[in-house]
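[1] Fold the stuff below for me.
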Amino acid sequence: MVSVFRRLLCIVAAFAAAAHAQQWTPFAIPNGFSFVVGAGDSPVLLAVQFDPDKAVRSADGGRTWTPIDVAGERPIAFLASPTDGNVFYALVGSTRLAVEPPPRSLYRSDDAGRTWQLVTPRIQTPAGAVIENLAIGASPDLIYGSRMVSSICFTGSCSFAGAEGYLSTDGGRTWRKSDPPAGTGAHRATPSVSDPAVAYAANYKGLFRSVDQGATWQLVLEPPADAFIYERQVLVDRVDPSIVYGRFGTGPEIWITEDGGRNWRTTRLDMPEGWQWLIADPVEAGRVYAVGALGTIQESRDKGRSWQAVAQSAGTAATNVNNTKPMMAIENGRRVVYSATGKGSQRVVLFDPGAVASDLWWNPAESGWGLSITRHASGQLFAVWFSYDAQGDPTWRVMPGGSWSDARTFSATIYETRGPAFFSGPPFDPSRVTVTPVGEATFVFDDGSNALFRHRLADGTAGESRITRQLFGPPADASLLDYGDLWWNPVASGWGVAVSQQYANVFAVLFVYDEAGRPTWAVMPDAVHGGRDLGSGVVYGFHGGLYTTKGPPSSAPYDPARVVVTSVGRATLRFDNSTYAAGGLTYEAFGRLRTEPLARQPF
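    Next up is the predicted model:
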């Protein structure tokens, strides 16, 4: 017998496995500037605004800014520690081009930019040469830099033939040489932010790696003939320093190593607008982003093997006016990308549909109804809506397919089914199940645990409600396997069990049919691990009471006081730990003791 739910999946459009792009939005600092984003869950932003000429600070994601004073000096740029959200550096000095780069002072803040202390009045080598191109490593005191070596100078301006690398381990106070083999071009070190011993540096000769904090360097990649590694395109994974991405020239190819440079592979990333920057994910290894010239963002979660769009074009150039790449921060669990252009500054929140939690969802002010939302690894959702009909009897409707219209909005057709009685009568006959579309639903997710649920049914009734994940399982042993999923009997499709698990507790909803063939549901709201199996008496699985409810219809204002709960028996859910995909339901209810096999529902 063909699965009813599989037929449902064929009726509706295929799920969009990728999140479609979120829009860029301006944030409130115009007129071009250089900026940095701090580390941490609520990062601080520091910026140098050019017109009017001032330094500013934001603690709310760029929405509001306040002036800051760096010892009465005017910074030309800020640097942020990638590991400590309180540590920032400020460079003070001239930006003019000359035979030698102009001297610059270095200031440091240990309170997220509120106050500043002078580190050194001149960032220089032991011989007195100016050091620039600073990059902070895994420790806030670990700073790499380089001294530019001039070549041909004319009317006070120079071209540069190369660079010498230097390293400070005391926050910029003193410096020692840390120089890969010189090439005929400048290099800029790219330190690991997870391992203080590891850094990479590139020049015309290739890409070099150090595993001893810059004391020695080894060539790990030679560029193709007549190609140049842009040092700004050497990207080290923020979690795993053995994962590195390199770009030669301006083409679509990316060179990738997963073992610190011993082996390399290439991938091709094509964007119609061209792409300019790579950004490593701040918290997840192997996750990387490419930002296009107009703001389109592509994401890879498999170390560059496959890509999908997560942000739409901004419509204007997304390159910073000071050639500073866009930056990513984790703000309250959400990934946010910041960029500044000649057209103004912009930010985009990269909502992740994969973060939508498989769980029981409800409105705490409307207790008595809810939704089971199941998410699979592909990002696909399967929702079951448990509510009440016009007579106040429990009913359920299913949303087995749909599509993401943008990064936050998921829409689906609502179906209603009818079938043979489950708790009474002969064994379940799936051929008697019928499926009818009855409306449309939309979920607008704020994040992985909060959303707005809208519905419109064919009879004209409509409504919307805020929903959130229902927290029912107190923190306990987290080592238990997670059985949260949609479960069914593949040879008796048309009914199922939505299992939500939090630690050692399970909240399960059986969506079945009554004696008249109408959809009805029963709930196990307090099943605990280690319950006694009703069939064998063995302590096994999750055991709890089984209940039915009556309540106000979804077509009227919801009054939780009208919900009536009736105990109808008890049940046990058991799972096969050897396969992790099979199980069974034993219930003693409505005068019957019965066992049904279960398996995870594929979709």
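
[2] Going by C-alpha atoms from here, please, whenever you check contacts or count neighbours.
    OK.

[3] so where's the stretch 501-603 of the chain uncertain?
    Residue ranges of the stretch 501-603 of the chain with pLDDT under 70: 531-540, 577-580.

[4] quick one: the helices in it?
    If you assign secondary structure with DSSP state H, counting those that start in this stretch, the stretch 501-603 of the chain ends up with no helices.

[5] What is the neighbour count of the residue nearest to Thr169 when sequence neighbours are not counted?
    In space, Thr169 comes closest to Leu142 once its chain neighbours are excluded; the distance is 4.6 Å by Cα to Cα, 6 or more residues apart in numbering. Other residues lying near Leu142 total 20 when counted by other Cα atoms under 10 Å.

[6] Isn't Leu142 up against Gly171?
    Yes - the pair Leu142 and Gly171 passes the contact test of Cα atoms under 8 Å, sitting 6.0 Å apart.

[7] picking up where we left off before, how close does the residue nearest to Thr169 get to Gly214?
    Using Cα to Cα, to the nearest Å, we find Leu142 at a distance of 11 Å from Gly214.

[8] For those two, list the residues in contact with both.
    Counting by Cα atoms under 8 Å, 6 or more residues apart in numbering, the common neighbours of Leu142 and Gly214 are Leu167.

[9] Grab the nearest non-local neighbour of Ala280.
    Nearest non-adjacent residue to Ala280, counting by Cα to Cα, 6+ apart: Val288, 4.6 Å away.

[10] swap that for Pro75, sorry
    Beyond its immediate neighbours in the sequence, the residue positioned closest to Pro75 (Cα to Cα, 6+ apart) is Val92, lying 4.5 Å away.

[11] That neighbour sits in which helix or strand?
    Assigned by DSSP states H and E, Val92 belongs to strand 88-93.

[12] so what strands line up beside that strand?
    The strands that strand 88-93 pairs with in its sheet are strand 75-80 (antiparallel), strand 104-109 (antiparallel) (by DSSP bridges).

[13] Could you give the average pLDDT over the first one?
    Spelled out, that is strand 75-80. Confidence over strand 75-80, taken as the mean pLDDT, stands at 90.

[14] buried sites along it?
    Taking 16 or more other Cα atoms under 10 Å as the basis for neighbour counts, the residues of strand 75-80 that come out buried are 75-80.

[15] now do the last one
    Counting neighbours by 16+ other Cα under 10 Å, one finds that the buried residues in strand 104-109 are 104-109.

[16] Make CSV out of these and add distance to Pro326 and pLDDT.
    Converted to CSV, the buried residues of strand 104-109 look like this (distance: Cα to Cα, whole Å; pLDDT from 0 to 100):
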residue, distance to Pro326, pLDDT
Arg104, 25, 85
Ser105, 25, 93
Leu106, 23, 95
Tyr107, 24, 97
Arg108, 23, 97
Ser109, 23, 97
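
[17] and which of those is nearest Tyr204?
    Arg104 (27.5 Å; Cα to Cα).

[18] And for that closest one, nearest residue in space, chain neighbours not counted?
    If the residues on either side of it in the chain are set aside, Arg104 comes closest to Gly93, at 4.6 Å by Cα to Cα, 6+ apart.

[19] That neighbour: neighbour count?
    One way to gauge burial is a neighbour count; for Gly93, by other Cα under 10 Å, it gives 18.

[20] What's opposite the residue nearest to Ala280 in the beta bridge?
    When Val288 is checked against DSSP bridges, its beta-bridge partners turn out to be Ala280, Ser300.

[21] Could you pull up the contacting residues of it?
    With contacts defined as Cα under 8 Å, 6+ apart, Val288 is in contact with 278-281, 299-301, 303-304.

[22] ditto for Ser372
    Residues near Ser372 by Cα under 8 Å, 6+ apart: 358-361, 383-386, 498, 500.

[23] What count of nearby residues applies to Ala71?
    Burial of Ala71 is recorded as 12 neighbouring residues (other Cα under 10 Å).

[24] need the contact list for the closest residue to it other than its chain neighbours.
    The shortest distance from Ala71 to any residue other than its chain neighbours is 6.7 Å, reached at Trp116 (Cα to Cα, 6+ apart). Applying Cα under 8 Å, 6+ apart to Trp116 gives the contacts 69-71, 107-110.

[25] what about 10 Å?
    Trp116 makes contact with 68-71, 88-90, 106-110, according to Cα atoms under 10 Å, 6 or more residues apart in numbering.

[26] Please read off the pLDDT at it from the model.
    96.

[27] quick revisit: hey, what's in contact with both of Leu142 and Gly171?
    Shared between the contact lists of Leu142 and Gly171 (criterion: Cα under 10 Å, 6+ apart) are residues Ile136.

[28] Next, count neighbours for the residue nearest to Gly583 when sequence neighbours are not counted.
    Once flanking residues are discounted, Gly583 sits nearest to Phe575: 4.0 Å by Cα to Cα, 6+ apart. Neighbour count of Phe575, defined by other Cα under 10 Å: 21.

[29] now Phe575: how far from Ala599?
    Phe575 is 9 Å from Ala599, where distance means Cα to Cα.

[30] which neighbours do these two share?
    Joint contacts of Phe575 and Ala599 (Cα under 10 Å, 6+ apart) are 581-584.

[31] top of those residues by neighbour count?
    Ranked by neighbour count under the definition other Cα under 10 Å, the shared contacts of Phe575 and Ala599 are headed by Gly583 with 21 neighbours.

[32] wait, doesn't that one sit right on Phe542?
    No - the pair Gly583 / Phe542 is not scored as a contact, 11.2 Å apart, by Cα atoms under 10 Å.

[33] Please enumerate the shared neighbours of the two.
    573-575.

[34] Out of those, flag the one nearest to Glu164.
    Once Cα to Cα is applied, the member of the shared contacts of Gly583 and Phe542 that ends up nearest Glu164 is Phe575, at 62.6 Å.

[35] Isn't that closest one up against Gly530?
    No - taking Cα under 10 Å as the definition, Phe575 is not a contact partner of Gly530, at 11.5 Å.

[36] tell me the helices in this protein, going along the chain?
    With DSSP state H as the criterion, the chain has helices at 4-11.

[37] would you list the strands paired with strand 88-93 in JSON lines and tack on distance to Lys550?
    What follows is the strands paired with strand 88-93, written out as JSON lines (distance: least, Cα to Cα, whole Å):
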{"stretch": "strand 75-80", "distance to Lys550": "57"}
{"stretch": "strand 104-109", "distance to Lys550": "61"}
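
[38] Relative to Val563, which of the ones you listed is closest?
    Closest approach to Val563 among these is made by strand 75-80 (54.6 Å; Cα to Cα).

[39] hey, C-alpha coordinates of that closest one in PDB?
    As requested, C-alpha coordinates have been extracted for strand 75-80 and formatted as PDB (Å, rounded to 0.1, in the frame of the first residue of the first chain):
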ATOM      1  CA  PRO A  75      42.000  57.000  15.300                       C
ATOM      2  CA  ILE A  76      42.500  56.000  11.700                       C
ATOM      3  CA  ALA A  77      41.300  52.400  12.400                       C
ATOM      4  CA  PHE A  78      40.300  50.000  15.100                       C
ATOM      5  CA  LEU A  79      41.200  46.300  15.600                       C
ATOM      6  CA  ALA A  80      39.100  43.800  17.500                       C
END
